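Below are the sequence and a predicted model for it; my questions follow.
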Amino acid sequence: MKKIEYYQNKLYANEQLQKEELMELSEEPLEQLCRAADDIRRYFCGDAFDLCAVISAKGGRCTEDCAFCPQSGISKASESIPEFPLLGTNDLLRDAKEKESKGIKAYGIVASGRVISGHEAEQLAASLIKLRKATNLRLCASLGLLDRQKLERLRDVGLQMIHNNLETSERHFGCVCTTHTYEDKRNVIRAAKKAGLSVCSGALFGIGESMEDRIELALNERSLGVTSVPVNILSPAQGTPLEHSALLGEDDMRRIVAVFRFALPDAFIRMAAGREYLEDKGRSCFLSGANAAISGDFLTTMGISIETDLNMLREIGYNV
């Protein structure tokens, strides 16, 4: 416990923890670690909670070979994934307004594929103009390996945040994807920040990574100035190369979240895909340092209803 308090106090003195220190913390007793992480969350972030929702705006087989993704072209699972072009303005408006009416304040538009085309970017730009006028939502998008020109175009019509997960450490990334690089992803994040966009970038856990990989990922996000860090749990999909992976449990995720809070004391650590498989739906993680979530359905899986999440979070004591 003394070690936990020592590192906690370093953070309160505005010092950043380094890899070796975070590795030490990751082996500390779970309950004490999680309580301290929640104290750090409260100290730096208060009781504010950021709840967002996403829409699958373009679906179908992707050219990339991400081993965890059922939409990847190398996956047999992709054969059963619905394929559809980029949704039009009316569909996006209808869904966005519905989510906003239920209490959502941030909205993510997600497209499958390596990157959207120039034509799709222009189509989306037209939709963003309408969304900006018709809602008060913070608009985010996950559109692949965008260049700065597309990023600036979308920023100019109302996009406020870009999403691009690093997924894991740079060392481990080549084990789960070879059709694009870690540096490709970093370049998108750097370009987004230069364009004046906020960045949401996180990880997928349970893909064969070590605790060292997890900590290196957190430090990479910190070095890039990422303010929103999604925490995804692999749901092993039949037909993907990782279909036989073991599903992580609540204690695994609580420890990961707590260590991430020590690494990223003032970030929104966002429980995302996979928490629906946790017995408590992520509640214990929200008491271990996490202070954000994606609610509702995900891209290829069912999620947790917005109403259920809002009730749970208010019961815990968050301001949503």
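Cool, got the structure. Numbering: from 1, shown residues only.

Report the secondary structure state of N232.
Counting by DSSP: H, G, I helix; E, B strand; the rest coil, the backbone at N232 sits in strand.

What of the one 5 residues further on?
Following three-state DSSP, the label given to A237 is coil.

So what's the residue count around the nearest residue to it once chain neighbours are set aside?
Nearest non-adjacent residue to A237, counting by Cβ to Cβ, 6 or more residues apart in numbering: P70, 4.2 Å away. All C-beta atoms are positioned from the backbone trio N, CA, C, and that covers glycine. Other residues lying near P70 total 24 when counted by other Cβ atoms under 10 Å.

Kindly report the same for the one 4 residues further on.
I74: 19 surrounding residues under other Cβ under 10 Å.

For it, which three-state class applies?
Classified using three-state DSSP, I74 is coil.

Same question for Y107.
strand.

Just the local confidence number for it, please.
Looking at Y107, its pLDDT reads 98.

Please apply the same query to G144.
In this model, G144 carries a pLDDT of 97.

how far away is it from I55?
Going from G144 to I55 by Cβ to Cβ, to the nearest Å gives 16 Å.

which intervals of the stretch 201-320 of the chain have sub-threshold pLDDT?
297-302 (pLDDT under 70).

redo that, cut-off 90
237-239, 296-304 (pLDDT under 90).

Tell me where it has helices.
211-223, 250-263, 306-316 (DSSP state H, counting those that start in this stretch).

how about these, which one is nearest L124?
Among the helices of the stretch 201-320 of the chain, the nearest to L124 by Cβ to Cβ is helix 306-316 (23.8 Å).

any low-confidence regions in the stretch 51-200 of the chain?
Across the stretch 51-200 of the chain (using pLDDT under 90), the flagged ranges come out as 60-61, 70, 72-83.

now with 70?
Ranges of the stretch 51-200 of the chain meeting pLDDT under 70: 78.

In it, what residue spans correspond to helices?
Going by DSSP H, counting those that start in this stretch, the stretch 51-200 of the chain shows helices at 89-101, 118-134, 148-156, 170-173, 182-194.

buried sites along the first one?
By that I understand helix 89-101. Neighbour-count burial for helix 89-101 flags 89, 92-93, 95-96, 99-100 (criterion: 16 or more other Cβ atoms under 10 Å).

what about the nearest residue to A246 once chain neighbours are set aside, distance to Y277?
Using Cβ to Cβ, 6+ apart and skipping residues adjacent in sequence, the residue nearest A246 is G206, 7.1 Å away. Taking Cβ to Cβ as the measure, G206 and Y277 are separated by 10 Å.

which neighbours do these two share?
233, 247 (Cβ atoms under 8 Å, 6 or more residues apart in numbering).

Which one's more surrounded, these two?
Just comparing G206 and Y277: by other Cβ under 10 Å the higher neighbour count belongs to G206, 21 against 16.

I'd guessed that one sits against G249; true?
No: applying Cβ atoms under 8 Å as the test, G206 and G249 come out as separate, 9.9 Å apart.

Pipe the helices of the stretch 201-320 of the chain into TSV and attach distance to A36 and mean neighbour count per row.
Output for the helices of the stretch 201-320 of the chain, formatted as TSV (distance: least, Cβ to Cβ, whole Å; neighbours: other Cβ atoms under 10 Å):
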stretch	distance to A36	mean neighbour count
helix 211-223	16	20
helix 250-263	7	24
helix 306-316	17	16
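
Adding distance to A191, write these out as CSV.
Rendered in CSV, the data for the helices of the stretch 201-320 of the chain read as follows (distance: least, Cβ to Cβ, whole Å):
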stretch, distance to A191
helix 211-223, 16
helix 250-263, 24
helix 306-316, 32
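
of those helices, which approaches E5 most closely?
helix 250-263 (12.0 Å).
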